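1. A predicted structure for the sequence below; I have some questions about it.
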Amino acid sequence: MPQLLKVRNLQTQFFARDSIVKAVDGVSFDLNEGETLALVGESGCGKSVTAMSILRLIPNPPGKIVGGEIFFQGRDLLKISEDEVRDIRGNDIAMVFQEPMTSLNPSLTIGRQISEPMEVHKGITLKKGLLRAKDLLGKVNIAAPERRIHDYPHQFSGGMRQRAMIAMGLGCNPKLIIADEPTTALDVTVQAQLLELMKNLTREYGTALILITHNLGVVARYADRVNVMYAGRIVEKGTAHEIYDDPRHPYTIGLLKSVPQLDQDVKTRLVPVRGQPPDLSKVPEGCAFYPRCDFATERCRKESPVLETVSGNHEKACWIDVK
Ligand SMILES: Nc1ncnc2c1ncn2[C@@H]1O[C@H](COP(=O)(O)OP(=O)(O)OP(=O)(O)O)[C@@H](O)[C@H]1O
Ligand SMILES: [Mg+2]
């Protein structure tokens, strides 16, 4: 499969009067056409900032991409003009946001909102756009789409708004969809249905997908690859199979025990990862996970581990050989 996205040593920071938040601190990963990648980690580890950096949507000030490269179809997105980026956003790369109520315009009908990116990027008329919006709403399993395109966002339920966002994302036939926690506000069954739907649609259209989530359990069966993030870095990455069946970083192991899995026995006890993630404006030296790690040694306190190969494309950043 041809390569679609290649991120190298991405560094994004936020500048306050007396501190620098290293939100993304040297992140590298690849994604091939049609693949699904899960970006997983606790709140504040830099998942959304990674996504916003790819779309060049980091608010400046206070934020800035201070280093790295983001190749999309071979072009470095950090080197092209603002006009060129605008042409890619919502067109070749679509984003489905965390909270659809804040990203949908309350005063425009769903149909018009689905039509708009197609009018802007593909130059089609509103009339054609509405026809396609109707088809897309049908694709995301919304009943009576010919009627529903005339509804306003508040007339849709939370799950339906998510579906409308997905329809909007698909409008221009993107090469890549970035779905930032598309499902947290919804119950587990609806989450599973939505992921199933997205997975089927990406298969049908050959679209690559980056799924951003806290829940390592839920993405298991949808992702081809998984990147586990901690404190602005990727601490383990591999195929979904490697991450679920052979996790090697103590944080990944902790995360797997802390999240409900779809097919898990309801009686299985969930154990949260103890402690709190560090403040990204003062990450201590050594391994950022050190204070929370059951396996930590003196070396972990002093030296920051880098990603090393476990086998094939499976990599972990940890000094300890945990199995
Ligand atoms: N606009 C901003 N101004 C200042 N700091 C920011 C801004 N956006 C993000 N940050 C900081 O960057 C870090 C990473 O945030 P990010 O939103 O990427 O986390 P996340 O992994 O997406 O978390 P969540 O799961 O809660 O969405 C956090 O420390 C956050 O406070
Ligand atoms: Mg986020």
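-> Happy to help now that I have it. Ligands and ions are numbered 1, 2, ... in the order given.
2. For the residue of the stretch 151-300 of the chain found nearest ligand 1, the count of nearby residues, please.
-> Closest to ligand 1 within the stretch 151-300 of the chain is residue 280: 4.2 Å, counting by Cβ to the nearest ligand atom. Placement of C-beta: from N, CA and C, glycine included. Each residue near residue 280 was counted by other Cβ atoms under 10 Å, and the total is 22.
3. Close to ligand 1: what parts of the stretch 101-250 of the chain are there?
-> residue 214 (Cβ under 6 Å from any ligand atom).
4. rerun that using 8 Å as the cut-off
-> Within the stretch 101-250 of the chain, the positions near ligand 1 by Cβ under 8 Å from any ligand atom are 180, 181, 212, 214, 229, 232.
5. right, and the pair among those with maximum separation?
-> Greatest spatial distance among these (Cβ to Cβ): 181 and 232, at 17.6 Å.
6. Which one of these two is surrounded by more residues?
-> Neighbour count, other Cβ under 10 Å: between residue 181 and residue 232, residue 232 has more, with 28 against 19.
7. give the contact list for that one.
-> 22, 23, 24, 25, 26, 27, 45, 46, 280, 283 (Cβ atoms under 8 Å, 6 or more residues apart in numbering).
8. go with 6 Å
-> Contacts for residue 232 (Cβ atoms under 6 Å, 6 or more residues apart in numbering) come out as 22, 23, 24, 25, 46, 280.
9. Shouldn't residue 141 be within a strand?
-> No - checked against DSSP: H, G, I helix; E, B strand; the rest coil, residue 141 lies outside a strand; its state is coil.
10. and it, how many neighbours?
-> Neighbours around residue 141, by other Cβ under 10 Å: 13.
11. just to revisit the earlier point, now, which of the residues of the stretch 101-250 of the chain next to ligand 1 lie within strands?
-> 180, 212, 229 (DSSP state E).
12. that's a strand at residue 210, yeah?
-> Yes - remark: residue 210 belongs to a strand, assigned using three-state DSSP.
13. Show me the longest helix that occurs in this structure.
-> helix 188-205 (DSSP state H).
14. from the middle of its chain, how far away would that helix be?
-> 15 Å (Cα atoms, centre = their mean, to the nearest Å).
15. what angle sits between that helix and strand 208-213?
-> 160 degrees (axes from the mean of the first three to the mean of the last three Cα atoms, to 10 degrees).
16. what does helix 188-205 contact?
-> Taking Cβ under 6 Å, 6+ apart as the rule, helix 188-205 contacts 159, 162, 183, 209, 222.
17. Buried residues, that helix. List them.
-> By 16 or more other Cβ atoms under 10 Å, the buried positions in helix 188-205 come out as 190, 191, 192, 193, 194, 195, 197, 198, 199, 201, 202.
18. One more: stretch 273-292?
-> So, applying 16+ other Cβ under 10 Å, buried residues of stretch 273-292: 273, 277, 278, 280, 283, 286, 287, 288, 289, 290, 291, 292.
19. what do you get for stretch 154-165?
-> Quick answer for stretch 154-165 (16+ other Cβ under 10 Å): 156, 159, 160, 161, 162, 163, 164, 165.
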